[in-house]
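Asks: Any chance you can model this:
(2 chains)
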Protein chains: 2
Amino acid sequence: MAPSRSALLRSPVPVERPAAVIDPARVRRNIERMVARAARAGVRLRPHFKTHQSAAIGDWFRDYGVRAVTVSSVAMARYFAQHGWDDITLAVPVNLREVEAIDELAGTSDLGLLVDDESAAQALGSALRARVRVWIKIDAGYGRAGVRWDRPAQLLSLARTIGRFPRLRLQGLLTHSGHSYRQTDAAGILRVHEESLARMREARAALAGAGVGAGEISVGDTPTCSLAASFPGVDEIRPGNFVFYDLMQMRLGVCSPDDLALAVACPVIGRYPDRERLLLYGGTVHLSSERLSGEKGEGLFGCLAGIGASAGAGANRDSALGIPDLEMPLLSLTQEHGMARVPGSEVRAVEIGEMVLVYPVHACITAHLYRAYLDGKGEPLGRR
Amino acid sequence: MAPSRSALLRSPVPVERPAAVIDPARVRRNIERMVARAARAGVRLRPHFKTHQSAAIGDWFRDYGVRAVTVSSVAMARYFAQHGWDDITLAVPVNLREVEAIDELAGTSDLGLLVDDESAAQALGSALRARVRVWIKIDAGYGRAGVRWDRPAQLLSLARTIGRFPRLRLQGLLTHSGHSYRQTDAAGILRVHEESLARMREARAALAGAGVGAGEISVGDTPTCSLAASFPGVDEIRPGNFVFYDLMQMRLGVCSPDDLALAVACPVIGRYPDRERLLLYGGTVHLSSERLSGEKGEGLFGCLAGIGASAGAGANRDSALGIPDLEMPLLSLTQEHGMARVPGSEVRAVEIGEMVLVYPVHACITAHLYRAYLDGKGEPLGRR
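Replies: From the prediction side, this is the model:
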């Protein structure tokens, strides 16, 4: 018997325009699992709040005892400080043009900053009146920001520069091994994890050998944090995306289809059954242009939600969001239009003006386009 | 003698965070040229305002006699109606979920809507109390929305359905031949243009042959409108992107480097001279993930501005925005970071905290991320 495929799900939320919809039960389960994982590994969880940017969702983390957070902009740090978070790491190399706003925040919050450049450390140390924690950003193989782990002289010089400024307290070494996203399976992700941790320990040992206490090690990206069982030598982890997960994580094998907790409700504005296409009011400005590569190298910009009836029982199968169905992919996006491939029989059954759900490729980037989330019943949750 | 390459330009605008900067002189020149082109071809120019979404820039179009506009959302239509525009085409197949807002707008503005589905026409005709103009959206080869040009029976049936509702007045046939963007040179773009126009005339003739006056023909995309010398049978054109142009248009051969009128000012937050990299505070949320393919199929997410000293004289070479320099490409973007390849000597000359300018791949999508533009002197221009 051929496997029955899922039917196209209609959005549970009646709205006029594209809207970001979350499943609170899935979000809480994702949080609970990562909290448990961090506890088992004996590391502090400092989740990256750039993914959801929501004080309401932040409160759910508090329910599980989380007290420290990561953000990626000064504005985000200010927002969460206003909502009662006072242990905040701003995990982008410091933008010196915002030093006044940073100084103000550091006066009321326990603020951590990233530095990988001596002149930036000097400028920061000279300008600030408030004290901050400073993490030396390490490039452990990703090749984006950071001092390379295998340049001990450069590392030592930077650590000593930081040490000369009384307002700067060296908290430790921090990395983001984003090259885990370039892997194609769990084994590859775990190789990145092990290599990256070994390099961080090597960097800390080099400083210790020169008599400089390097403090803590902070790592974190959702793929490695979702899959790795242990974090030897690590003090804290900073995953972010796991709160919603998305198609990118699903393809990496990092989560299950029923872990995806964010989708975008989109009105149907065109039906083309002969060519098996559904046109959605939902384009780049509603979903972002983040893409995966399809089987033939073509772009894959999301997929529609199916009801998942054939996929087995369980509370999360019954979510108002259904489950992502890659057999109904979003093939192209323009500014306001999205084109989905959907079986002709399903296309014929849809009315213009009905709403479907699109699962995004990259939840953080899509979520950033909205000012609020709706839960499965249409109740709004505020965000920055 | 080897051609001298341009040096890295510093942003003329002192801001703290990434900001969208335009060159008003270039914008006005782009408008003036398209106005002249439409006048020579004897067609109405109904520019697509989704690109800039700015009442201030809209006023510059008024200076050149433009009175009719195109938008891509109800919210955009409302914004421009509030700023004195009353001849507005909403060029996305109608979203029936917004029919109340549409009805309200149609009560005070001369509003044009797009329809390609009989049930949508019926729903619209039954729900509206105000009169609207209706364009039948035609698919002339692009394969996104519309009734195919070569299906006269379907076309005729839709036209007759529209004719049955007194609130709907059939204005004509409209297409967007977005497959011009898939071409690689001017010849290909002009082939799309000629084929598309022939198909639109064929569709109109089919209706006329059945005794239904199909009215006007409206076409428009920036590549064909920028290159074609004539528009036989066409009543109006609706290009949008030309107001700013961008790297995508430049690569298509549709504009010159010194026509690009929008860039994003980004602070430098990291310098890596050994690997010829500059890290910018400017990521997907500031630039969008729109991409071109580089020479080896890698993503190209923008490029830095050079001062263009070697490129010759002329007022537009002296713009505060410089000119795009594809030798300094943006190689990768994450949520808040952008990584540019820049010659090591230039990297060494930059200070952390200085600002550079990034030319975007797709100006419409990048512009949508901002609430205002700054001109080259830092004065803000409001937008929706």
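
Asks: List the residues that contact A:L124.
Replies: Contacts were defined as CB atoms under 8 Å, 6 or more residues apart in numbering or on different chains; by that measure A:L124 touches A:V94, A:L96, A:V99, A:L113, A:V115, A:V132, A:V134, A:F165, A:L168. Any C-beta I mention is one placed from the backbone N, CA and C, and that applies to glycine too.

Asks: Nearest to B:G306, out of those: which one, please.
Replies: Taking CB to CB as the measure, A:L96 is the one of the contacts of A:L124 closest to B:G306, at 23.6 Å.

Asks: State the phi and psi torsions of the spatially closest residue to that closest one that is not a sequence neighbour.
Replies: Of all residues not flanking A:L96 in the chain, B:G353 sits nearest, at 3.5 Å (CB to CB, 6 or more residues apart in numbering or on different chains). Backbone torsions for B:G353, taken as degrees, to the nearest 10, come to phi 100, psi -10.

Asks: need the contacts of A:L124 in TSV with neighbour count and pLDDT, can you?
Replies: TSV is the format used below for the contacts of A:L124 (neighbours: other CB atoms under 10 Å in any protein chain shown; pLDDT from 0 to 100):
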residue	neighbour count	pLDDT
A:V94	27	98
A:L96	22	98
A:V99	19	98
A:L113	26	98
A:V115	29	98
A:V132	24	98
A:V134	28	98
A:F165	18	98
A:L168	21	98
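
Asks: Which members of those occur in strands, if any?
Replies: A:L113, A:V115, A:V132, A:V134, A:L168 (DSSP state E).

Asks: Give me the most central residue, chain A.
Replies: A:N241 (2.5 Å; CA atoms, centre = their mean).

Asks: Identify the residues contacting the residue in the stretch 51-200 of chain A positioned nearest to chain B.
Replies: Using CB to the nearest CB, A:L96 is the residue of the stretch 51-200 of chain A that sits closest to chain B, at 3.5 Å. Going by CB under 8 Å, 6+ apart, A:L96 touches A:A120, A:A123, A:L124, A:A127, B:P267, B:I352, B:G353.

Asks: just A:Y281 next, same as before
Replies: A:Y281 touches A:R17, A:P18, A:C266, A:P267, A:V268, A:I269, A:E336, A:H337, A:G338, B:V92, B:N95, counting by CB under 8 Å, 6+ apart.

Asks: same deal with A:S230?
Replies: Contacts of A:S230 by CB under 8 Å, 6+ apart are A:A41.

Asks: Can you list the residue ranges for strands in the stretch 101-250 of chain A?
Replies: A:110-115, A:132-139, A:147-148, A:168-174, A:216-219, A:236-237 (DSSP state E, counting those that start in this stretch).

Asks: Now render those strands as TSV, adding distance to B:G107.
Replies: Formatted as TSV, the strands of the stretch 101-250 of chain A follow (distance: least, CB to CB, whole Å):
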stretch	distance to B:G107
strand A:110-115	52
strand A:132-139	56
strand A:147-148	63
strand A:168-174	58
strand A:216-219	58
strand A:236-237	56
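
Asks: Any chance of CSV for those, columns distance to chain B?
Replies: Supplementary listing: the strands of the stretch 101-250 of chain A in CSV, determined by distance: least, CB to the nearest CB, whole Å:
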stretch, distance to chain B
strand A:110-115, 9
strand A:132-139, 8
strand A:147-148, 9
strand A:168-174, 14
strand A:216-219, 16
strand A:236-237, 18
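
Asks: quick one: which of those strands is nearest A:P12?
Replies: Among the strands of the stretch 101-250 of chain A, the nearest to A:P12 by CB to CB is strand A:236-237 (33.6 Å).
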